[in-house]
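Peer 1: I'd like to go over a predicted model; first the sequence, then the structure.
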Amino acid sequence: MDANEHRLHIVVPYRDRAEHLRQFVPWLTAYFARLAVPLDYRVTVVEQDAGLPFNRGALKNAGFVLGAEGSDYTCLHDVDYLPLDADYSWAAEPTPILWHGAENRPVAPGRSDRTVTSNLESTMGGVLLVPNGVFRQIDGYSNQYWGWGYEDFDFSLRIRARRLPTGRRKGTFRPLDHDNDGFTPEAVPTPISLVNRRMFQHLWSTGKLPQGDGLSSLSFEVLDRTPCDDGTPDGRGRWEHVRIHLNHAPHPDQLAACGGQGT
């Protein structure tokens, strides 16, 4: 199979970012329409229902499950990054493609001039290509990080623990500003960020790969599935918006750190 014959499934974890989604759908559609070498792609926007804190890792797992049968590799794509010049073609190993545009991001646009800096040499967040076989091999993302943060760090260690090779493509993206739930306007870590950091440290304290947390333990219900119209004749066949309910709950300290409600 040639590289451009591999089927791509783009998974977009989502909740309460309507303005970003309105920009993301037509932008990504137009970007893929301009590719010199067309890609066979589908997009699933996976929305978590209200009631519990956001769980980005579990939503990525759910999105993978929803599209794995009809794809060869998956792109885990944040809704707040619009591609300007990025390579989404087949990757034989986990390959982040987000680079330019993600260097420094504001913590509270319009309310603070503080920023946070990502280590782009090591991050697995933002926009990541993963062959489906590798995603299954590492059991996907942890389902235990609620509210904000550390699911991408955990995912990176899952790859390293198995000594799997990784790639990196330096794509250029236009970021969409929003409040960072991991930091206060003063760039101080929020309570949920601190709770999840402690959980991350505990899970990996032995240096051994945690078992039984990921695709293998994922449980969710599909509440509704609707075509997502991108404004093109065939767009309703490429895009789908799926709303789900996760069948597990946060730890009490995570819920308390999020104010006892969804975030």
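Peer 2: Yep, that arrived. Residues are numbered from 1 along each chain as shown.
Peer 1: Based on its surroundings, how many neighbours for Gly147?
Peer 2: By the criterion of other CB atoms under 10 Å, Gly147 has 26 neighbours. In short, each C-beta sits where N, CA and C put it, glycine included.
Peer 1: Tell me the secondary structure of it, please.
Peer 2: coil (DSSP: H, G, I helix; E, B strand; the rest coil).
Peer 1: Contacts only, for it.
Peer 2: Counting by CB atoms under 8 Å, 6 or more residues apart in numbering, Gly147 touches Pro53, Phe54, Asp181, Ile192, Val195, Asn196, Pro250, Gln254, Ala257, Cys258, Thr263.
Peer 1: Please identify which of the residues you listed is nearest to Trp239.
Peer 2: Phe54 (21.4 Å; CB to CB).
Peer 1: So that closest one, which state does it fall into?
Peer 2: Phe54 - assigned by three-state DSSP - is coil.
Peer 1: Next one, pLDDT for it please.
Peer 2: Looking at Phe54, its pLDDT is 95.
Peer 1: That one: neighbour count?
Peer 2: Close neighbours of Phe54, defined as other CB under 10 Å, add up to 20.
Peer 1: cool, His9 as well?
Peer 2: Using other CB under 10 Å, His9 has 23 other residues around it.
Peer 1: Name the next helix or strand downstream of the helix or strand of the chain with the lowest mean pLDDT, please.
Peer 2: Here the helix or strand of the chain ranked lowest by mean pLDDT, DSSP states H and E is helix 235-238, holding a mean of 70. Under the assignment DSSP states H and E, the closest C-terminal helix or strand after helix 235-238 is strand 239-246.
Peer 1: Can you list the helices and strands that that next one packs against?
Peer 2: Applying 3 or more CB pairs under 8 Å, 6 or more residues apart in numbering; DSSP states H and E, one finds that strand 239-246 contacts strand 40-48, helix 56-67, strand 220-227.
Peer 1: That strand: which residues count as buried?
Peer 2: Residues Trp239, Glu240, His241, Val242, Arg243, Ile244, Leu246 are the ones in strand 239-246 that count as buried (16 or more other CB atoms under 10 Å).
Peer 1: Endpoints of stretch 132-144, how far apart?
Peer 2: Using CA to CA, to the nearest Å, the end-to-end distance of stretch 132-144 comes out at 21 Å.
Peer 1: what's the offset of that stretch from the middle of its chain?
Peer 2: 13 Å (CA atoms, centre = their mean, to the nearest Å).
Peer 1: Need the per-residue pLDDT for the closest residue to Gln254 other than its chain neighbours.
Peer 2: Nearest residue to Gln254 in three dimensions, chain neighbours excluded: Trp146, at 4.6 Å (CB to CB, 6 or more residues apart in numbering). As predicted, Trp146 sits at a pLDDT of 96.
Peer 1: Could you do the one 4 residues further on as well?
Peer 2: pLDDT for Tyr150: 93.
Peer 1: cool, and Arg105?
Peer 2: As predicted, Arg105 sits at a pLDDT of 76.
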